[in-house]
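> Turn this into a model:
(2 chains, ligands or ions: 1)
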Amino acid sequence: MGKALFDKIWDAHVIKELGNGFILMHIDRLLLHDMSGGKALKEAIEKGHAPSQPRLIYGTPDHTMSSRPGRTEKTFPPGEPLILSMRETTQAYGIKLFDLGQDGQGIVHVMGPEQGLTLPGTTLVCGDSHTSTHGGMGALAYGIGASELVHVIATQTMVQRKPKLFRASFEGKLMPGVTAKDMILHLIGEVGTAAGTGFAVEYAGSGVRALPVEARLTLCNLTIEMGARTGMVAPDETTYEYLNGRDYAPKGAMWDRAVAHWRTLPSDPDAEFEREHTIDMRNVAPQITWGTSPEHVIAVDRPIPDPDTGPEEKRAAWAAALQYQGLQPGKPIEGTPVDWVFIGSCTNSRISDLRAAAEIAKGRRKAANVTAWVVPGSVRIKQQAEAEGLDRIFLDAGFEWREPGCSMCIASNGERVPPGQRSVSTSNRNFVGRQGPGARTHLASPAMAAAAAIKGAIADVRKI
Amino acid sequence: MDKFTKVTGVAAPLMRQNVDTDLIIRIERLVDNVGREGLGPFCFEQIRFKPDGSENPDCVFNQEPYRNSPIILSRENFGCGSSREGAVWALKGMGIKAVIAPYFGDIFNNNCFQNGILPVPLPIEDVEQLADEMRASPGNARVTVDLENSVVISPTGRTIPFKVDARRQHALLNGLDDIAETKAAQAEIEAWQKADQQARPWVWL
Ligand code: SF4
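Below you'll find the predicted structure:
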């Protein structure tokens, strides 16, 4: 029997079999952010575990600082101790930190691929559930908790049990107005938020092969929203082209050696998957979530679902979601007035996302009732966007142009959507209170979010 | 890691699907420097309290006899979403020892075992019946979760077996320190790393 991409990376990282399907796995990259990084390092050190391989550990602050132009760690005082502790602990052990105000700082899942730290065939972990993002480079990337983080700092390994394999195939071409964000939301809408629990997902098919790397990162980013800890796309020429020349990517003869190895990674034709799901790309339209779970999603031209006609076991959840969101079943979702638009997060804050949003905003003006923010994913993306004049396009359209970080994706830096207000967000979670207590979130692609800002209401990007 | 062997007590039915870790603990509480022991009062705050800070009487945790339950009963996908281990610390701070649900978010599930909380997977029919038995006899009904024998005993005395990984069961029963255990394999780790530096030098920056 052939091996899947997942099996190949898994097998290559087994240090020891522990029985009952558990292994001791080597971790090639540990990424740290300010919410958990400094604390975990401190805890490890206090317990007598100095970082065993500091050269495989990299960090950047993203969660707990303001995104206000000109910000420092003092702009949001509650976050300052976390940022200072991260600075102190990484310095003490020679761990590279892309610090606030420095080149390279950004959302941790944007920083890794951008720097060429995330490489195909590597194992990568971070104390954050959206670590699955890095799978877009052909890495095996897991989100972990605080205790597991300390274990990795101390040993550069993890105790892991092999998950089952799930292949999600997208066949065909992107329809007008559709992006990788719409592909993954559509998939979650079909299979539900728990379909991937206990699975590792491989995204495959002609629709995925045709995607540029940044779109693959978006696709893998939402893997945890279908319950799976890890999602991946096999590396190919697109991946190598993206990686070549990046700061931490191999160079010269080493590059050739690495690529030769990476070419062996894609799943064998006869690899087996415990679950397969195929999506015909002709059926994927621009998506928008209506409820409080990423599976509460519809095509933007569809009516808001009616709990009374929904699946029996979901009726109560649907009704509660509609009540929280302040929506009427059966009505079109298009045209629902919006107060906030957030373009950013590790899902959709890369240069291609900002270009897509700017294309809609160009020469237009946001609606008066909307506050619209653009928060680039990293310092480098911000510079690139400014070099292309995207900041001017956004500012001229009445959007705010801010500093890189997680910002309103999670509201851990005090940047919140006020209670009862409605937001169209390019992030990945529409949970109750995610963008602030009482905030009503609708997830969508960057172009859809920009369209909502212009119209002042949920809008179909194809009609702009 | 903390031990878990057995718990007997009131089980609070929080019968909703997809209880995410954002709902269990708000991210701001993990920024504020309350420490992991201080999170209990903020556990489930979005449903336990009204916006004005007063108790929400509709919330099961504010109703007798469920106020200090050591066990939660819930529906599918408990603990999905964010990897924040603070969710487990908050549950622990609220006095929770075990959660019974059809299945759990993968990361949350791991985090529980790291902190001596037991996630117990049972089919939804069994969870619903446990909830019914709790409601039928408020005040007297008790549920037992017994890890050694991997069974749940219902208020009416029914014994329901559940699945648990032998490795994790052993670690939790004995409160093993998994870092110490891994460090015992230090020679094997170093041998692997040495070989890998030859095989994939580009990984080793
Ligand atoms: S942008 Fe949002 S989802 Fe991504 S790492 Fe930051 S808080 Fe998490």
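
> And the lowest mean pLDDT element among the helices and strands of the chain?
You didn't pick a chain, so chain A it is. Ranked by mean pLDDT, DSSP states H and E, the weakest helix or strand in chain A is helix A:37-46, scoring a mean of 92.

> try chain B instead
Min over SSEs of chain B, mean pLDDT, DSSP H and E: helix B:27-31 (a mean of 90).

> Which elements pack onto that one?
Judged by 3 or more Cβ pairs under 8 Å, 6 or more residues apart in numbering or on different chains; DSSP states H and E, helix B:27-31 is in contact with helix B:86-93. Using the backbone N, CA and C atoms, a C-beta is placed for each residue, glycine as well.

> Can you spell out which helices and strands pack onto the helix it packs on?
helix B:21-24, helix B:27-31, helix B:106-114.

> any residue of the longest one up close to the ligand?
No. Against the ligand, helix B:106-114 shows no contacts by Cβ under 6 Å from any ligand atom, the least distance being 12.9 Å.

> Sheet partners, orientation included, of the next helix or strand after that helix?
Counting by DSSP states H and E, the next helix or strand C-terminal to helix B:106-114 is strand B:118-121. Counting by DSSP bridges, the strands paired with strand B:118-121 are strand B:98-101 (parallel).

> circling back to that earlier point, so for A:M65, which of the helices and strands packed on helix B:86-93 sits nearest?
helix B:27-31 (10.6 Å; Cβ to Cβ).

> now the helix or strand following that closest one, how far from the centre of its chain.
Following helix B:27-31 in sequence order, the next helix or strand is helix B:45-48 (DSSP H and E). Distance of helix B:45-48 from the chain centroid (Cα atoms, centre = their mean, to the nearest Å) equals 18 Å.

> Please pull up the helix or strand immediately following helix B:45-48.
Next helix or strand after helix B:45-48 toward the C-terminus (DSSP H and E): strand B:71-74.

> what about that next one and chain A, touching?
No. Strand B:71-74 stays clear of chain A (Cβ under 8 Å from any Cβ of the partner chain), getting no nearer than 12.5 Å.

> CA-only coordinates of that strand, as PDB, when you get a sec.
Only the C-alpha atoms of strand B:71-74 are listed here, as PDB (Å, rounded to 0.1, in the frame of the first residue of the first chain):
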ATOM      1  CA  ILE B  71     -19.100  16.700  36.400                       C
ATOM      2  CA  ILE B  72     -20.500  18.300  33.300                       C
ATOM      3  CA  LEU B  73     -22.800  16.600  30.800                       C
ATOM      4  CA  SER B  74     -22.800  18.000  27.300                       C
END
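
> packing partners for it?
strand B:11-14, strand B:98-101, helix B:124-136.

> contacts for it?
By Cβ atoms under 8 Å, 6 or more residues apart in numbering or on different chains, the residues outside strand B:71-74 that reach it are B:7, B:9-16, B:19, B:78, B:91, B:96-101, B:127, B:130-131, B:134, B:143, B:145.

> closest to A:K74 out of the helices and strands packed on helix B:86-93?
helix B:27-31 (14.7 Å).

> Extract the C-alpha set from that closest one and format it as PDB.
This file holds the C-alpha atoms of helix B:27-31, laid out as PDB (Å, rounded to 0.1, in the frame of the first residue of the first chain):
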ATOM      1  CA  ILE B  27      -9.300  35.500  26.000                       C
ATOM      2  CA  GLU B  28      -9.100  38.700  28.000                       C
ATOM      3  CA  ARG B  29      -8.900  36.700  31.200                       C
ATOM      4  CA  LEU B  30      -5.800  35.000  29.900                       C
ATOM      5  CA  VAL B  31      -4.200  38.400  29.200                       C
END
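
> Scan chain A for its longest strand.
strand A:164-171 (DSSP state E).

> Neighbouring strands of that strand in the sheet, and parallel or not?
Strand pairing (DSSP bridges) places strand A:164-171 next to strand A:199-204 (parallel), strand A:275-280 (parallel).

> and after the first one, which helix or strand comes next?
The one in question is strand A:199-204. Next along from strand A:199-204, by DSSP H and E: helix A:206-209.

> Could you do the last one as well?
Once the chain leaves strand A:275-280, the next helix or strand it forms, by DSSP H and E, is strand A:287-289.

> picking that back up, so which of the helices and strands packed on strand B:71-74 comes closest to A:A141?
When the helices and strands packed on strand B:71-74 are compared by Cβ to Cβ, strand B:98-101 sits nearest A:A141, at 26.6 Å.

> send the alpha carbons of that closest one over as PDB?
Extracted C-alpha coordinates of strand B:98-101, given in PDB (Å, rounded to 0.1, in the frame of the first residue of the first chain):
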ATOM      1  CA  ALA B  98     -14.800  15.200  34.500                       C
ATOM      2  CA  VAL B  99     -16.800  16.100  31.400                       C
ATOM      3  CA  ILE B 100     -19.100  13.600  29.700                       C
ATOM      4  CA  ALA B 101     -19.900  14.200  26.000                       C
END
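
> what mean pLDDT does it have?
pLDDT averaged over strand B:98-101 equals 98, rounded to a whole number.

> Tell me which residue of chain B lies closest to the ligand.
Using Cβ to the nearest ligand atom, the single residue of chain B nearest to the ligand is B:S82, 7.5 Å away.

> mind checking how far that residue is from A:I153?
20 Å (Cβ to Cβ, to the nearest Å).

> Read off the pLDDT value for the closest residue to chain B within the stretch 251-400 of chain A.
Chain B sits closest to A:A258 of the stretch 251-400 of chain A, with a gap of 4.5 Å, by Cβ to the nearest Cβ. We have a pLDDT of 98 for A:A258.

> same thing with B:K50?
91.

> wouldn't it be in contact with B:N56 here?
Yes. Using Cβ atoms under 8 Å, B:K50 is in contact with B:N56, at 5.2 Å.

> Neighbour count: these two, which is higher?
A count of neighbours by other Cβ atoms under 10 Å in any protein chain shown puts B:N56 above the other of B:K50 and B:N56, at 15 against 12.

> give me every residue that touches the more buried one.
B:I47, B:R48, B:F49, B:K50, B:N62 are the contacts of B:N56 under Cβ under 8 Å, 6+ apart.

> and what of A:N221?
A:N221 sits next to A:H109, A:H130, A:S132, A:T133, A:G136, A:I184, A:C346, A:T347, A:N428 when contact means Cβ under 8 Å, 6+ apart.

> Quick check: the two most widely separated of those residues?
Between all members of these, the farthest pair (by Cβ to Cβ) comes out as A:H109 and A:I184, at 14.6 Å.

> the strands in the stretch 351-464 of chain A, which residues?
A:371-374, A:400-401, A:422-425, A:440-443 (DSSP state E, counting those that start in this stretch).

> Any chance of the ones you listed in CSV with distance to A:L265 and mean pLDDT as columns?
Formatted as CSV, those follow (distance: least, Cβ to Cβ, whole Å; pLDDT from 0 to 100):
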stretch, distance to A:L265, mean pLDDT
strand A:371-374, 35, 98
strand A:400-401, 39, 98
strand A:422-425, 34, 98
strand A:440-443, 31, 98
